[in-house]
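1. need coordinates for the following:
(2 chains)
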2 protein chains.
Amino acid sequence: MDSVMQSGKRMGNQTLVFSNPGAVISSGTIAGPMEGKGPLGEHFDTVLKEDTWGEDSWEKAERKMFEQAVRRAMEKAELNSGDVDCLLGGDLLNQIISANFAARELKMPFLGLYGACSTMAESLLIGGMLLDGGYADCVACTAVSHFSTAERQYRNPLEMGGQTTPTAQRTVTGAGCSIAAGPNYSGSRIYRNIFITAGTIGKVVDLGITDANNMGAAMAPAAADTLAAHLSDTGRGVMDYDLVVTGDLGSFGSEMFIDLCRDNGIDIQDRHMDCGNMIFAPEQKVDCGGSGCGCSASVLNAYLLDKIEKGELRRIFFMATGALLSPTSSMQSESIPGIAHGVVLERK
Amino acid sequence: MDSVMQSGKRMGNQTLVFSNPGAVISSGTIAGPMEGKGPLGEHFDTVLKEDTWGEDSWEKAERKMFEQAVRRAMEKAELNSGDVDCLLGGDLLNQIISANFAARELKMPFLGLYGACSTMAESLLIGGMLLDGGYADCVACTAVSHFSTAERQYRNPLEMGGQTTPTAQRTVTGAGCSIAAGPNYSGSRIYRNIFITAGTIGKVVDLGITDANNMGAAMAPAAADTLAAHLSDTGRGVMDYDLVVTGDLGSFGSEMFIDLCRDNGIDIQDRHMDCGNMIFAPEQKVDCGGSGCGCSASVLNAYLLDKIEKGELRRIFFMATGALLSPTSSMQSESIPGIAHGVVLERK
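-> Numbering: from 1, shown residues only, chains lettered A, B, ... in the order given. All right, here's what the predicted structure looks like:
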């Protein structure tokens, strides 16, 4: 990490700097059938043949995905459940039941988070702090989403057969877990070179979008705000990153993000990718791409971490974005605020 | 803090120890009309005359309570919004919309948490870590709940006029905010002597309770588990605390908690109080007492902090307890797991 970031634990208004950064040592991913047929299909640890995964409800399948993503990551690093000091994570369901019920099975100290689709970054940010500060030696940061549970909770029952709008994104059926460890960790690991070196806590930003079928537009302003804060806090430019990766802005939201960054004097176009644009192929006809906290969680853990490990990416700003709506707030005529949390992942 | 706790940031399996502990410098509380008529009525900063607080929905009133609890705490310590480095908190509503929409108005870096009724302790635990680790100089830890929004979301619309069972608790209409600051903070403060010296992260515990009208029983096992872990991790006994205060077990859950502690060889009876038993008077006929994350949040911030400041309590273990149910999980025949997070608050 460059010298300017060594000076303290806090930098600027929103950024935490980790001087004893935790390392991502393992990852686990579970993807749904359609995600498995997408461009990243071969990278997931497990691809489901059918989206209930043998359970009698989609909700139970979603919780199983959360749990199994953690277990898969633990197996790869030969960890027992007592080795993980803290599980952090969440999902999109009311009262984050997927995470809560999975935590019951995993029997680890658990911090439940709700950041909508920003949850993977929020968990890495707090998990990174637990490691850097010496409060834990090993943490599991996890998020999950499921197309069929999200549709019936946020929009309409699938059985209704409603059509999607051109700006709609498809909630990813996917789970991702990053296991990260501090300097005292001496066990097995599948990654040796990936460190969580900083994080930027997002603010809730609202430009007045009210269309629950246009989440990308609701989240793009928050992503632009957090990126601007991160660069301002750290004194860095976009060129200090090989990639600025957003969670699930999708194609429409990504265009808006690039425009908003330009308004802030930040040219991001050549360095930006969006997990929502990466997970499905155009011929899969998913309108504006993938969404859901499982989108960025599965793309990060199945694909991006490996790129950093191999040195194909040296430093990325992973910024997951959340749309903070609920059916209740939408029915009460509220707009959809967004939030984006970011973490710096880099090869060292 | 005793010498045994000085050795590291981590102690045992679930406990974080803060060697540069943050100090609680201010608090803000808003209480509903019925809570205002209870035994702690005179201690709340604001007591609402009617539970919509001039808004056109209970949900909007709840978010206003979250926001105003933070603003009240800031005013008392003469803080501007730029002075707070991080807002942490949540509520009981789907997608924590009360906290999210309040955070939009407060324009602070925000970490959204979901721990059901354990949220006040979870936010103090993570906030305490932000301060101890030097990642922030000032944090606002907040939780809110509202009787009328919780009833219609978790149980039945109030308009239905359903009767309560004898084990039912009443969700507290209340919000509480603790503002805490690190050693670099030199501004105004209303408390000078209260420090967040340790925290214990809870595990999800489930003894198979399925009755959504008996939340105390669902949460008591988690409270007993976290207390046992805390004492084991720290080598302390109950006598090292003036008070072990639980969030909202209510009268039935408190009895169960005391019994479960006894099974663990811990005699807690003389040192235990429960916020749910403190907030309403018997003549208010609230069956088994108060519940909701606003219960422990408002009792802590309106009443307990002042007792510590004055030296009437020297060290307490504040352990808020959450029942991790959702209407969906209940309808899918799931039991109700619980979680309890604890923080040590002490006079120094």
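2. residues in contact with residue A:24?
-> A:178, A:179, A:180, A:191, A:194, A:195, A:196, A:305, A:345 (C-beta atoms under 8 Å, 6 or more residues apart in numbering or on different chains). C-beta: built from backbone N, CA, C; applies to glycine.
3. make that residue A:179, sorry
-> A:24-28, A:70, A:73-74, A:77, A:79, A:84, A:138-141.
4. hang on, it in a helix?
-> No - judged by DSSP: H, G, I helix; E, B strand; the rest coil, residue A:179 forms no part of a helix; its state is strand.
5. okay, and the beta partners of it?
-> Legend: beta-bridge partners of residue A:179 under DSSP bridges are residue A:26, residue A:140.
6. what's the answer for residue A:274, then?
-> As for beta bridges, residue A:274 partners with residue A:246 under DSSP bridges.
7. hang on, it packs against residue A:247?
-> Yes - Residue A:274 is within contact range of residue A:247, at 7.5 Å (criterion: C-beta atoms under 8 Å).
8. that older thread, who wins on neighbours among the contacts of residue A:179?
-> Neighbour counts for these (other C-beta atoms under 10 Å in any protein chain shown) peak at residue A:141, which has 36 neighbours.
9. contacting residues for that one?
-> A:88, A:89, A:120, A:123, A:124, A:127, A:177, A:178, A:179, A:180.
10. can you tell me the SS state at the residue nearest the centre of chain A?
-> What sits nearest the mean C-alpha location of chain A, by C-alpha atoms, centre = their mean, is residue A:120, with 3.3 Å. Under three-state DSSP, the three-state class of residue A:120 is helix.
11. just the pLDDT for it.
-> Per-residue confidence (pLDDT) for residue A:120: 98.
12. tell me the contacts of it?
-> Contact analysis of residue A:120 by C-beta under 8 Å, 6+ apart lists A:141, A:142, A:143, A:176, A:178, A:247, A:293, A:296, A:297, A:300, A:318, A:320.
13. tell me how far the last one lies from chain B.
-> For residue A:320, the distance to chain B equals 13 Å [C-beta to the nearest C-beta, to the nearest Å].
14. also the second one?
-> When distance is defined by C-beta to the nearest C-beta, residue A:142 is 14 Å away from chain B.
15. cool, the fourth one as well?
-> With the distance defined as C-beta to the nearest C-beta, residue A:176 ends up 19 Å from chain B.
16. can you confirm that residue is in a helix?
-> No - when classified by three-state DSSP, residue A:176 is found to be strand rather than part of a helix.
17. before we move on, the earlier item: mark which of the contacts of residue A:141 are buried, thanks.
-> Neighbour counting with 16 or more other C-beta atoms under 10 Å in any protein chain shown marks A:88, A:89, A:120, A:123, A:124, A:127, A:177, A:178, A:179, A:180 as buried within the contacts of residue A:141.
18. and the third one, how far is that from chain B?
-> Distance, residue A:120 to chain B, by C-beta to the nearest C-beta: 14 Å.
19. swap in residue A:164?
-> 21 Å.
20. quick one, helices of chain A?
-> Along chain A, counting by DSSP state H, helices occupy A:33-36, A:58-76, A:97-106, A:119-132, A:147-154, A:215-234, A:250-263, A:275-278, A:293-299, A:305-309, A:327-331.
21. buried sites along the second one?
-> Meaning helix A:58-76. Applying 16+ other C-beta under 10 Å to helix A:58-76 flags A:58-74, A:76 as buried.
22. filter these down to the ones close to chain B.
-> When contact is defined as C-beta under 8 Å from any C-beta of the partner chain, the buried residues of helix A:58-76 meet chain B at A:59, A:60.
23. can you list the domains in chain A?
-> Domain assignment for chain A by automatic domain parsing gives A:23-181, A:194-347.
24. okay, now the longest one: how far is its last residue from its first?
-> When the termini of domain A:23-181 are compared using C-alpha to C-alpha, to the nearest Å, they are 5 Å apart.
25. then stretch A:238-249?
-> When the termini of stretch A:238-249 are compared using C-alpha to C-alpha, they are 19 Å apart.
26. ditto for stretch A:180-194
-> One end of stretch A:180-194 sits 9 Å from the other (C-alpha to C-alpha).
27. can you tell me if it touches chain B.
-> No - on the criterion C-beta under 8 Å from any C-beta, stretch A:180-194 is out of touch with chain B, staying 9.5 Å away.
28. distance from the chain centre to that stretch, please.
-> 21 Å (C-alpha atoms, centre = their mean, to the nearest Å).
29. how about residues contacting that stretch?
-> Contact with stretch A:180-194 is made by A:20, A:22-27, A:76-79, A:83, A:124, A:127-128, A:131-132, A:134, A:136-139, A:141, A:196, A:305, A:308-309, A:311, A:345-348, as judged by C-beta under 8 Å, 6+ apart.
30. okay, now the unreliable bits of chain A?
-> Where chain A drops to pLDDT under 70, the residues are A:1-8.
31. quick revisit: from the buried ones among the contacts of residue A:141, pick the one nearest chain B.
-> Nearest to chain B, judged by C-beta to the nearest C-beta, of the buried ones among the contacts of residue A:141 is residue A:88 at 9.6 Å.
32. dump the residue contacts of that closest one.
-> Contacts for residue A:88 (C-beta under 8 Å, 6+ apart) come out as A:110, A:111, A:113, A:123, A:126, A:127, A:130, A:139, A:140, A:141, A:142.
33. do residue A:68 as well
-> Counting by C-beta under 8 Å, 6+ apart, residue A:68 touches A:28, A:30, A:46, A:175.
34. can you rerun that using 7 Å?
-> By C-beta atoms under 7 Å, 6 or more residues apart in numbering or on different chains, residue A:68 lies in contact with A:30, A:46.
35. now it: how far from chain B?
-> The gap separating residue A:68 from chain B is 17 Å, by C-beta to the nearest C-beta.
36. residue farthest from the centroid of chain A?
-> Distance to centre of chain A, C-alpha atoms, centre = their mean, peaks at residue A:160 (29.6 Å).
37. which one of the buried ones among the contacts of residue A:141 is nearest residue B:262?
-> When the buried ones among the contacts of residue A:141 are ranked by distance to residue B:262 (C-beta to C-beta), residue A:88 comes first, at 32.6 Å.
38. for that closest one, give the beta-bridge partners.
-> Residues in a beta bridge with residue A:88, per DSSP bridges, are residue A:111, residue A:141.
39. what sits closest to residue A:269 if chain neighbours are left out?
-> residue A:258 (5.3 Å; C-beta to C-beta, 6 or more residues apart in numbering or on different chains).
40. burial count for the one you found?
-> Residue A:258: 18 neighbours (other C-beta under 10 Å).
41. list the contacts of it.
-> By C-beta under 7 Å, 6+ apart, the contact set of residue A:258 is A:268, A:269, A:272.
42. what does the stretch 101-250 of chain A have sitting close to chain B?
-> Contacts of the stretch 101-250 of chain A with chain B, taken as C-beta under 7 Å from any C-beta of the partner chain, map to A:101, A:103-104, A:107-116, A:122, A:126, A:129, A:133-136, A:201-204, A:206.
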